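the sequence and its predicted three-dimensional model are supplied below.
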Amino acid sequence: MPVALCAMSHTPLMDKLDPPVDVRQEVTAVLDRVRGFVADFRPDLVVGFAPDHYNGFLYEVMPAFCIGASAESIGDYGLPAGPLPVDAATARRIAAAVLDAGVDVAFSERMQVDHGLVQPLLLLLGALDAVPVVPVFVNCVAEPLGPATRSVALGRAVGEALAGDDRRVLLLASGGLSHDPRSRGSGRRRPRSPSD
């Protein structure tokens with residue numbers, strides 16, 4: 001399986017603020033290079049690992065991980081709303097393989113995604129429907145947060161599930177670390193609530 005990885009930040013404020021010209025030019029240049037990399041790679045499938053910001057996942061049900069066999073953009077921050085072209089068969093196959101590997105993962109036939117996944121898809125591919133996608137929610141916002149070792153186990157299991165696939169697969173990871181910075185000097189995260 002030809003595979004490539006793009007790990008990037010996301011921000012709903014990208015077009016809402018006016019940073020200094022040199023900062024804007026640097027960000028634009030980096031995004032142009034990454035877009036070129038993705039265009040040269042020509043992915044047939046994107047597996048997108050992204051958080052949610054209390055838009056699709058709330059405390060009624062807050063899994064550590066969830067794989068979507070169907071997903072819709074909620075259209076937050078002026079981004080396009082509507083369905084994503086989810087490869088449902090591959091999503092189901094990945095979910096089964098991840099569970100077989102011993103990683104507890106939820107599964108959704110009605111996933112809602114926000115800017116955490118939508119913005120990177122648009123920035124790198126130009127449209128929500130450019131390439132089939134499998135969305136993978138990783139809880140990076142709501143306490144209790146799982147240890148990083150569980151995310152590593154999830155990534156390995158997803159990689160093993162895709163190992164026999166002959167398509168060109170782009171792994172896209174977006175955000176997460178900035179949502180819960182450790183308190184200065186304490187080594188502990190500050191408590192969060194759904195209103196944060």
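Sure, I can see it. Numbering: from 1, shown residues only.

the helices in this structure, which residues?
21-41, 88-100, 115-125, 148-162 (DSSP state H).

quick check: angle from the second one to helix 148-162?
Angle between the axes of helix 88-100 and helix 148-162 is 130 degrees (criterion: axes from the mean of the first three to the mean of the last three C-alpha atoms, to 10 degrees).

that older thread, most tightly packed of the helices of the chain?
helix 115-125 (a mean of 24; mean count of other C-beta atoms under 10 Å). Where C-beta positions appear, they are placed from N, C-alpha and C, glycine not excepted.

list the contacts of Ile74.
55-56, 81, 112-114 (C-beta atoms under 8 Å, 6 or more residues apart in numbering).

returning to that earlier point: dump the helices of the chain to JSON lines, plus mean pLDDT and distance to Val141.
Output for the helices of the chain, formatted as JSON lines (pLDDT from 0 to 100; distance: least, C-beta to C-beta, whole Å):
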{"stretch": "helix 21-41", "mean pLDDT": "93", "distance to Val141": "24"}
{"stretch": "helix 88-100", "mean pLDDT": "98", "distance to Val141": "21"}
{"stretch": "helix 115-125", "mean pLDDT": "95", "distance to Val141": "9"}
{"stretch": "helix 148-162", "mean pLDDT": "95", "distance to Val141": "14"}
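
closest to Pro51 out of those helices?
helix 115-125 (4.8 Å; C-beta to C-beta).

so the closest one versus helix 21-41, what angle?
70 degrees.

tell me what helix 115-125 is packed against?
Under the contact criterion of 3 or more C-beta pairs under 8 Å, 6 or more residues apart in numbering; DSSP states H and E, helix 115-125 touches strand 3-8, helix 21-41, strand 45-50, strand 169-174.

using JSON lines, lay out those together with distance to Thr149.
Shown next, in JSON lines, are the helices and strands packed on helix 115-125 (distance: least, C-beta to C-beta, whole Å):
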{"stretch": "strand 3-8", "distance to Thr149": "18"}
{"stretch": "helix 21-41", "distance to Thr149": "28"}
{"stretch": "strand 45-50", "distance to Thr149": "16"}
{"stretch": "strand 169-174", "distance to Thr149": "16"}
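
ok, which of the ones you listed comes nearest Ala106?
strand 45-50 (14.3 Å).

Leu45 contacts Ala130, correct?
No - using C-beta atoms under 8 Å, Leu45 is not in contact with Ala130, being 11.4 Å away.

ok, these two, which is more surrounded?
Per other C-beta atoms under 10 Å, whichever of Leu45 and Ala130 has more neighbours is Leu45, with 19 against 15.

circling back to that earlier point, among the helices and strands packed on helix 115-125, which is nearest Pro147?
With C-beta to C-beta as the yardstick, what comes closest out of those is strand 45-50 (16.3 Å).

show me what that closest one is packed against.
Going by 3+ C-beta pairs under 8 Å, 6+ apart, strand 45-50 lies up against helix 115-125, strand 133-138, helix 148-162, strand 169-174.
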